[in-house]
Every structure is written in C-alpha cells, then in structure tokens.
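Participant: requesting a structural model of the entry that follows:
(chains A and B)
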Amino acid sequence: MGEPGTKEILNLADLEASGGIHTGRKHILSILVENKPGVLARVAGLFARRGFNIGSLAVGPTDDASISRITLTVDGALHPIDQVTKQLHKLVNVIKIRDLEPEETVARELALFKVSADGESRAEILQFTEIFRGKVIDVSKRSVTVEITGTDDKIEAFEQMIRPFGLIEMVRTGEIAVARGRSAT
Amino acid sequence: MRAVDAIIECLKAEGVDVVFGIPGGANLPTYDALYYGGIRHILCRHEQGAGHAAEGYAKASGRVGVALGTSGPGATNLVTPIADAMMDSVPTVFLTGQVRTELLGTDGFQEADISGITMPIVKHSFMVQDPREIPRVIHEAFHIARTGRPGPVVVDIPQDLSRADIPYEPVDSVRLPGYNPTTEGNAKQIRLAAKALANARRPVIYAGGGVVNADAARELVELATSDRFPVTCTLMGLGAFPAPHEQWLGMLGMHGTRTANYAMDEADLICAIGARFDDRITGKLSEFAPRAKFIHIDIDPAEISKNVPAHIPIVGDAKKILPKLTREYRALEADASRLDAWWQRIRGWQEKHPLRYEDSEDSEIKPQYMIEALYEATGGDAIVTSDVGQHQMWTAQYYHFKAPRRWINSGGLGTMGFGLPSALGAKVACPDETVVCVAGDGSLQMTSQELATCVSEEIPVKVFIMNNGYLGMVRQWQELFWDRRYSAVDMGTRPDWVKLAEAYGATGMRVADKSELVEAMRTALLTDGPVVVDVRVTREENCYPMIPVGEAARDMVG
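Facilitator: Numbering: from 1, shown residues only, chains lettered A, B, ... in the order given. All right, here's what the predicted structure looks like:
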C-alpha cells in the first residue's frame, strides 16, 4: 500500500486487500455495557470508524437495571474482528464482551411480515405460517401480518416463501443470543 | 455548595495547582469559582494553546494537565489538543462549558456537541446531566486520565448545572466496573520473555513513550544493563534510555539512525516496551524485522499484535514488569559472550554510519548545527519542546536526550504549532528548569499568539526558530518524491520575528552567522523573560537518513 505522501497511484484491488484478517463467518458479539447515555453511540461509532457494517443490533435491559446488553452481528468475511473487540474493551462503559461461538450459542430473532393476502393466497400464507410455527397477529381484508421467531436462517427462509405473495413490509428485531449451558453469557 | 465550587475542591483534591484556559459564556460560573479558588489560572490566547499547554505540563511533570474552554468554538478549538493527547497518551482533563440544558440540541448560541465531536479521540468523556454527579465525574475523569494507558478525558458541563447548589462530600473512591487496567504482567509470560532474551543472539530492546509514561526509565536501564542489550527508542521514547550510553543505538524509524534500523532488521529478538509499531517505525510492514521474534510489553492490550504479531505478549505496567523481567533474566545467568558477534556487527554500523551532515564552509547555519549549538549552549539538559517537521527530526537526532521528560513533542498526531504552548506548560510545571522550544517558522505561525501568554503570565520560555522560509518537511518530500514541484511550501520571510516578539513584549533576536550562534543562544538563555531567536538556516537542507516511504529499514537513504 502506498503512503499518503507518495505519488504512486493506487489500484482498487490493493486498497481492498489492505483491510486485515477476515474470519469468514458471522460473529455475534454480546456486549454488556453500563446503562448510561451515549454508550450505544460510542459502541456504534467504534464500528463505523473502522468501516464496519453492523448486520443487526439489539439493545435491551438485563436482570441488572444498571447494565444493558447490546447484541450485534458483524460479517467476519467482510471485517477483521479481533481489533474491534480489543478496542471495544477499551471503552470505559463496556463491561464485558463475548464473541459467541455459533455451535455454543442459542440465537433468536423476531420478525413481523405484512403480506398481501387476497382470496386463495390467504390459505397458503396461513399454511406456511403454521409450518414455520408463526402466529398471525393482524388480519385485514387484503393482508395478514405474521410473527415469526427463530434463527435468522429460519426468518430468511420464511421471507423467501412469502415474498411471491407480495411482501408489503418486513420488520426484524435483530438477533439476541445466549451461550448454551449453565454459565452466564 | 455551588457545583462549580465543588469542581474547584475536586481539582484541589486531585492535586491540581494550575489550569490553562479561556473563559466564555458557558463556563462563566467555573471562572467565578476560580476567582477565589486558590488554583493558578493561565489565560491563554487560543484554546488550542491552552490544550497544548496542558499537554506540555503533563509531559514535563507526569501529572494530569487541565485545560478549560467554553462551549461551542471554545470547545472545538480544544479538539486538536484532545486528539494530540490521545495519540501520544498524555494524561489530560478538558473541562468544557456547555449551553444550558433547556437549549441542548436546539442549535443554541455557541452550542456544539463536543462529546459527540470528540468521541473518537478521547479516552473517555462525560456529559454531565445531573449536578449532583459532578464531584464523582471529576474524580473519575482524573482517575481515567492518569491510570492505565493515559489519555484525554473530556468533561462537558451545561452552564445551568454548574450553577446548581449541591450537597458536597469529598469522594474517596471511583466506581468504574468496565475499567480495570491490567498492571502486573503475567508471571509465566515474564519467565518466557526472560528465557527468550537469554537465548537471543541478536536482541534489541525497542522502547517507546510508554516507558516515559510509566516512569520506568531507570527500570529500563536496569534491564538493558543486566546484560549488554542494545537499546533503541522511538521518537516518543527519547530520554527513556540515556543517549550517551555504550548500549545506545540512537532513535529508530523513518529518520532514525542506520544502526538502530539495521539492528532491528537483523535482530532475532525484539523486546518492545511501551511502543506500538507505528508505520513511521516499521516502514514496509511485510519486510519489518523479518528474522525477529517479538516480546511485546504494553499496558494497552489493543496494541498487542495490532501491527506486528507478538510471540510473547505481556500486558501491564512497564514499571512493574521490567524489574521482574530483569530478576528472571539475571537468574538465568546467560552467557554474555553470546552477544559478542552481535556487538561487533553493531559497532561496525556505528563506525560506518554515524549521524552526519556536511557543515557549511562559510557563515551559513546548517540546521543540524543549530541543534548542536543549542545542545552546547544549554549544556544538554534543557527541557526541549518542538513543533512538527524537519526541525523536530533534527532535534530528535542531535539533541542527545539523557533523561526522560526532557523531550516534549507531538509524535502521533504530528501537530504543527505544538511547540510554543507546550513549552509554556512545561515551564509552568518545572519553573526551575531551562525550557526551550525549537520551532519551525511554519509551525510557530499556527500558535504564535501564545507569546502574549508567556509575557503576561511571566513564563520565560526561550524559542529558537529554525527558519528556512519553507514548510521544510513537505518541501523535502516534494523534492524527493514529487519531482521538485514545490507546491505551496514557500513561506517567505514574513513575519519579522524580531518585531513580532517585540510587539508582544518579548525579546527578539536574529542570528544568521554560524560563528555567533552559540553565543547568541547563551545570551538568549540568560535574558529575562520570553525570548524569540530567529535563526536563519540553510533553506533547502534535507533530513537524513531516511527510510523512503513504503520501503524497508535496510533501504535507508542519505
């Protein structure tokens, strides 16, 4: 890679190759933070500064009112993960970070699908909903809204099935996750 | 008690004896408290000056430097010093005023979201939302600034909250569940490091600013002299190992000595202590120290294996780790003669490639000679600050620093204009020391207004301008890498620095004759009050040796 002071013209492939080491898999980072204003901005800003694209992000309270949990997913094929977790540790409000191993993790996401449902398609949609163990939470004359809970794969699969009927809107929470077994995440 | 009076109490409890700053609307309450507060306030002429002064104070003394600014432009003017303090790990606390809480987010007069603006360049920041938390926040700010890897902490206090009446009780502990710097160093890793040192045939100790921050210079010498380990320091580490020492290789990196860079290149073991393998050190990363294994001692775990994978990482405080490492190493009773061949090689480089320049044969002052003259005139033990550019590199090369905290410069961020205000701060911290600033004629124009501060606050710093009428380092790069197209680097001969100094009420001098230089410098040092000496040096001199951009250390030129 050239230096800013040199007149060498950089090609785009070199620029892209200079990013660091990539793990090639999706990472779910479970981050315990102090429940204080601005903490989410600090965490999100750290990813943004390194050009990271956060796949999904979920924030919520924990069993301790002074602590919140941020669960976020990052594509390790696109971004080197180790430096960013070390840098996250340096944030004063960050208490604990866990890069959850996929095999040792239970992850769930909730999604709402609003699908146009005229006439005969309605029955098919309801059938898919049942197969995916979803729930119909709203119905109108021309649409149904379905709630699906599961891994992101399952939600994506449902999306594939339902899209041909006319997907009006999809809302996803982003994954939340806990480590398998007795020990705390 | 008014919250602002509590702030003063907290500052005193933290041992603060001086603050640097400028008042404005949003921090008027703080200034009211300072009026009778018993803490010296130095009124700078620009918040950037105040920030760098706080840095100079911190770097010279090891104590936390404090700078104050009002909301909006006052705070944004502090951004450069905050970024500078982050890059060079300078323990500093920046207290900014903020608009009243009812105006927050409304684009109120002099409103700027300073905690948002500075988020990527602070160690931590606090935006006060409840006046009762102010005392705790101040103490936490100081604790974070000075412990672990030091750095800047911003405390932003809305004007109305600072006027609140709060119950004040001294705070005796901080509660920061997410902040527990590791200091001790893993015993097993330390043993491994000692063994690696004992087995190394071509070891180099590579020490950085972290050794200075840890006040571990003595411990470094102990380790180095427990055998005959060759030592090199980064720009930020200069003084951590005494320059006139037989194991000293000189500075390494882009403008380091050939000996230091060649030794890194051929080393089989590099022991990095408080250094971060910056691109100015490694040159082309893939060809950096290709035969070496790395011990990396650093208080910041994020530095370990950031640029260069460490074989033996040790996270902790150098002051605690080095004595243990020395003890472990001594116990191994390694055969000292294994280093004979290595030293022979090093001595060969030292003889063949000393730092050198071609001195003028007439009265012209070569910039390198200017630094040698300054060394002579000051007896080699002044506190020296600098701006950024060629003069900075020549000072690093030719002012052979013997002790830590004598060399104060902007290494990471490379902030032109750092020299004068940091000298001012250093002189306030160390009033009995000679404090000189080696300034560039380009850099000094970025903060020269602080001459007024020096005069009115009676801070007798001596400024020596290495005046070549150019933005010299940029010109050098244009000469070497951009076919001599000198785009926008000619600064001309203005201002007239003697007149400018006199306009501020300081003493101005000019020297253009080599034979008069040392004497003139002595005169300047003996003159009361701030002095500015305009030293006219060779216009187009290049700073060598140099690792050309993107090349390896062994390919040094000049």
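Participant: can you tell me the SS state at the residue nearest the centre of chain A?
Facilitator: Geometric centre of chain A, nearest residue: A:Ser56, 2.4 Å, by C-alpha atoms, centre = their mean. Here A:Ser56 is recorded as strand under DSSP: H, G, I helix; E, B strand; the rest coil.
Participant: that one and chain B, how far apart?
Facilitator: To chain B, A:Ser56 is 22 Å away according to C-beta to the nearest C-beta, to the nearest Å. The way it works is simple: take the backbone N, C-alpha and C, and place the C-beta from them, glycine included.
Participant: could you find the closest non-adjacent residue to that residue?
Facilitator: Counting by C-beta to C-beta, 6 or more residues apart in numbering or on different chains, A:Ser56 lies nearest to A:Gly174, which is 3.3 Å off, once chain neighbours are set aside.
Participant: next one: phi and psi at that neighbour?
Facilitator: phi 90, psi 150 (degrees, to the nearest 10).
Participant: now do it: how many residues are near it, please.
Facilitator: 18 (other C-beta atoms under 10 Å in any protein chain shown).
Participant: my read is that it contacts A:Ile70, right?
Facilitator: No - in this structure A:Gly174 lies outside contact range of A:Ile70 using C-beta atoms under 8 Å: 9.9 Å.
Participant: okay, strands next: where are they in chain A?
Facilitator: Assigned by DSSP state E, chain A shows strands spanning A:26-34, A:54-61, A:67-75, A:94-100, A:105-116, A:135-139, A:143-150, A:167-172, A:176-179.
Participant: would you format the ones you listed as JSON lines with mean pLDDT included?
Facilitator: Output for the strands of chain A, formatted as JSON lines (pLDDT from 0 to 100):
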{"stretch": "strand A:26-34", "mean pLDDT": "93"}
{"stretch": "strand A:54-61", "mean pLDDT": "94"}
{"stretch": "strand A:67-75", "mean pLDDT": "94"}
{"stretch": "strand A:94-100", "mean pLDDT": "93"}
{"stretch": "strand A:105-116", "mean pLDDT": "96"}
{"stretch": "strand A:135-139", "mean pLDDT": "96"}
{"stretch": "strand A:143-150", "mean pLDDT": "96"}
{"stretch": "strand A:167-172", "mean pLDDT": "96"}
{"stretch": "strand A:176-179", "mean pLDDT": "94"}
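Participant: need those in JSON lines with distance to B:Leu104, can you?
Facilitator: Formatted as JSON lines, these follow (distance: least, C-beta to C-beta, whole Å):
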{"stretch": "strand A:26-34", "distance to B:Leu104": "21"}
{"stretch": "strand A:54-61", "distance to B:Leu104": "22"}
{"stretch": "strand A:67-75", "distance to B:Leu104": "22"}
{"stretch": "strand A:94-100", "distance to B:Leu104": "25"}
{"stretch": "strand A:105-116", "distance to B:Leu104": "34"}
{"stretch": "strand A:135-139", "distance to B:Leu104": "39"}
{"stretch": "strand A:143-150", "distance to B:Leu104": "38"}
{"stretch": "strand A:167-172", "distance to B:Leu104": "31"}
{"stretch": "strand A:176-179", "distance to B:Leu104": "32"}
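Participant: identify the contacts common to A:Gly174 and A:Ile70.
Facilitator: A:57-58 (C-beta atoms under 8 Å, 6 or more residues apart in numbering or on different chains).
Participant: how is chain A carved up into domains?
Facilitator: A:12-100, A:106-179 (automatic domain parsing).
Participant: can you give the distance of the longest one from its chain's centre?
Facilitator: Between the mean C-alpha location of domain A:12-100 and the chain-wide mean there is a distance of 11 Å, by C-alpha atoms, centre = their mean, to the nearest Å.
Participant: ramachandran angles for the closest residue to chain A within the stretch 151-300 of chain B?
Facilitator: Residue of the stretch 151-300 of chain B nearest chain A, by C-beta to the nearest C-beta: B:Gly178 (4.3 Å). Main-chain torsions, B:Gly178, degrees, to the nearest 10: phi -90, psi 10.
Participant: for the closest residue in space to it that isn't next to it in sequence, what are its contacts?
Facilitator: Among residues not flanking B:Gly178 along the chain, A:Ile95 sits closest, at 4.3 Å (C-beta to C-beta, 6+ apart). Residues near A:Ile95 by C-beta under 8 Å, 6+ apart: A:32-34, A:67, B:177-178.
Participant: got the confidence number for the closest residue to B:Arg132 other than its chain neighbours?
Facilitator: In this structure, B:Arg132 finds its nearest non-sequential neighbour in B:Ile166, 5.2 Å apart by C-beta to C-beta, 6+ apart. As predicted, B:Ile166 sits at a pLDDT of 96.
Participant: my guess is B:Ile166 meets B:Asp130, correct?
Facilitator: No - counting by C-beta under 8 Å, B:Ile166 does not reach B:Asp130; the two are 9.2 Å apart.
Participant: so for these two, which sits in the more crowded spot?
Facilitator: Using other C-beta under 10 Å as the criterion, B:Ile166 and B:Asp130 rank with B:Ile166 on top: 18 against 10.
Participant: near residue 183, how many other residues are there?
Facilitator: Using chain A. 6.
Participant: switch to chain B, please.
Facilitator: Using other C-beta under 10 Å: B:Thr183 sits among 16 other residues.
Participant: also the one 3 residues further on?
Facilitator: Other residues within reach of B:Asn186 by the criterion other C-beta under 10 Å amount to 16.
Participant: residue 122: what's it in contact with?
Facilitator: I'll assume chain A. A:Val144.
Participant: ah, no, chain B please
Facilitator: Counting by C-beta under 8 Å, 6+ apart, B:Val122 has contacts B:82, B:86, B:151-154.
Participant: switch the cut-off to 6 Å
Facilitator: B:152, B:154 (C-beta atoms under 6 Å, 6 or more residues apart in numbering or on different chains).
Participant: what does B:Val438 give?
Facilitator: With the criterion set at C-beta under 6 Å, 6+ apart, B:Val438 makes contact with B:386, B:391, B:395, B:464.
Participant: could you dump these to TSV with distance to chain A and pLDDT?
Facilitator: Below are the contacts of B:Val438 laid out as TSV (distance: C-beta to the nearest C-beta, whole Å; pLDDT from 0 to 100):
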residue	distance to chain A	pLDDT
B:Ser386	20	98
B:His391	18	98
B:Thr395	21	98
B:Phe464	27	98
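Participant: out of these, which are buried?
Facilitator: The neighbour-count criterion (16 or more other C-beta atoms under 10 Å in any protein chain shown) marks B:386, B:391, B:395, B:464 among those as buried.
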